[in-house]
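Q: Turn this into a model:
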Amino acid sequence: MSELVIKDLYASAQGTMILKGINLTLSEGETVALMGPNGSGKSTLAYVIMGHPSYKVESGSIEFDGKDVLSMTTDERSRLGLFLAMQSPYEISGVTNRDFIKQALDKRNTSEKKLVSYYKFSVKLDKAIEELKMDKDLADRYVNESFSGGEKKKNEILQMKMLEPRISILDEIDSGLDVDAVKIVSENINELKSRLNMGLLVVSHYHRLYEYIKPNRVVVLINGVIAKEGDNSLLDYIDTNGYDEIRKEAGLFEEDTVELLETCAFKGNK
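A: The predicted structure is shown next:
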C-alpha cells in the first residue's frame, strides 16, 4: 500500500518557523482529520505538501510511493497523484472550467496518443456536475469568477472527481457551504474515496463534516507541532473542551505569529 510519509518536517515563511518537526503518515484508503486552533499551521502543511512557493522547507522530507516529493514541481506532484482542495480557491479570468480541467487531465499524459477524448471528457464532466448539483453553465464560465463561496468549494471537488487523485488534502472544504451542500460534497468525496481507495487529509474546525467523512485517525496540530493523536473520540473531546487541555498536556503556549504568517504568505501570492 502506498503511503504519504512526512518526516521531521520544518517549514518557514518570511523567516519565521511555522512547522516544527512534523511526523505524519497517510496511507491510501485512510482518512485523517487534521484539527487545531486558528494559526496552528494546518494550511501551511497542506501548501508545503503541494509546493506553495511562499513556504520554505528548512529540513525534513516528504515521500509518496517511495518518491521524493520535495524535489518535484507542483505539477509533478499532481501527476504523482496528490491533490489539494484549497481553502480560498483562485479566480482565473479568461479560462473556462471546462478548458482548465481538460488541460489538467491532458498534462497528466506525456504522449499525445493518450490525450483524453473530448467526448468522453465532456460526458464525465457533465455527470460530475450533476452529481454535485452544480449549475450546468459553471462548466463554461471562467474558473471561480463570480462564483459564490459554496460554488467555489464544489468546484474544488469537481476538479478532484475529474482528476481522480490517490491522496487528497481538503483544506476547510466545508466553509461557505450550507447544510445541504456539505452533505452533497461529503457524499461525492466518500464515493470517490471508496472507488479509488483514495487517502484523505481533511482540515476542518467543524464536527459536522466528520459526521459524514469519518476519519480513521485524528491529529491535533498546535503551534506547528503535533500535540496529540487519537481515534474518533478525540473529535468529541475537542468539540466539548476545545484545545486548552491538549495545549497544556503538550506544554505549548498560545502564539499569534503562525496565523499572521500563514495569512500573509497566502495573500502575497494571489
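
Q: Residue 194 - how many residues pack around it?
A: Residue neighbour count, defined by other CB atoms under 10 Å, stands at 10 for residue 194. C-beta: built from backbone N, CA, C; applies to glycine.

Q: if I've got this straight, it is in a helix?
A: Yes. Assigned with DSSP: H, G, I helix; E, B strand; the rest coil, residue 194 falls within a helix.

Q: any idea how far it lies from residue 200?
A: 11 Å (CB to CB, to the nearest Å).

Q: any shared contact partners between the two?
A: In terms of CB atoms under 8 Å, 6 or more residues apart in numbering, residue 194 and residue 200 are not both contacted by any residue.

Q: Distance across stretch 64-80, terminal residue to terminal residue?
A: 8 Å (CA to CA, to the nearest Å).

Q: now that stretch: mean pLDDT?
A: Mean per-residue pLDDT for stretch 64-80: 95.

Q: Equivalent analysis for stretch 224-231, please.
A: Rounded mean pLDDT across stretch 224-231 is 96.

Q: if I look at residue 228, how far off is residue 180?
A: Distance, residue 228 to residue 180, by CB to CB: 33 Å.

Q: Those two: which is more packed in?
A: More crowded of residue 228 and residue 180, by other CB under 10 Å: residue 228, with 20 against 10.

Q: The closest residue in space to that one that isn't next to it in sequence is in what secondary structure piece?
A: The shortest distance from residue 228 to any non-neighbouring residue, by CB to CB, 6 or more residues apart in numbering, is to residue 220 (4.4 Å). Assigning secondary structure by DSSP states H and E places residue 220 in strand 217-222.

Q: do the same with residue 57
A: Using DSSP H and E, residue 57 sits within strand 56-64.

Q: who touches that strand?
A: By CB under 8 Å, 6+ apart, strand 56-64 touches 2-13, 17, 21-22, 48-49, 68-70, 80-82, 166-167.

Q: Go through those and flag which are in helices.
A: Residues of those located in helices (DSSP state H): 48-49, 80.

Q: does the closest residue to residue 17 other than its chain neighbours have beta-bridge partners, and which?
A: Closest residue to residue 17 apart from its sequence neighbours, by CB to CB, 6+ apart: residue 10 at 6.2 Å. Applying DSSP bridges to residue 10 yields these beta-bridge partners: residue 20, residue 59.

Q: Let me see the contact set for residue 10.
A: Residue 10 makes contacts with 17, 19-22, 57-60, as judged by CB under 8 Å, 6+ apart.

Q: from the residues you listed, which is closest to residue 240?
A: The shortest approach to residue 240 among the contacts of residue 10 belongs to residue 22, at 26.3 Å (CB to CB).

Q: and the closest one, how far is that from residue 68?
A: Distance check for residue 22 against residue 68: by CB to CB, it reads 16 Å.

Q: just residue 142 next, same as before
A: For residue 142, the distance to residue 68 equals 35 Å [CB to CB].

Q: neighbour count winner among residue 22 and residue 68?
A: Legend: neighbour count by other CB under 10 Å for residue 22 and residue 68, higher for residue 22 (22 against 10).

Q: what about the nearest residue in space to that one that is not next to it in sequence, how many neighbours?
A: Distances taken as CB to CB, 6+ apart put residue 9 closest to residue 22, at 4.2 Å, once the chain neighbours are dropped. Residue 9 is flanked by 22 other residues according to other CB under 10 Å.
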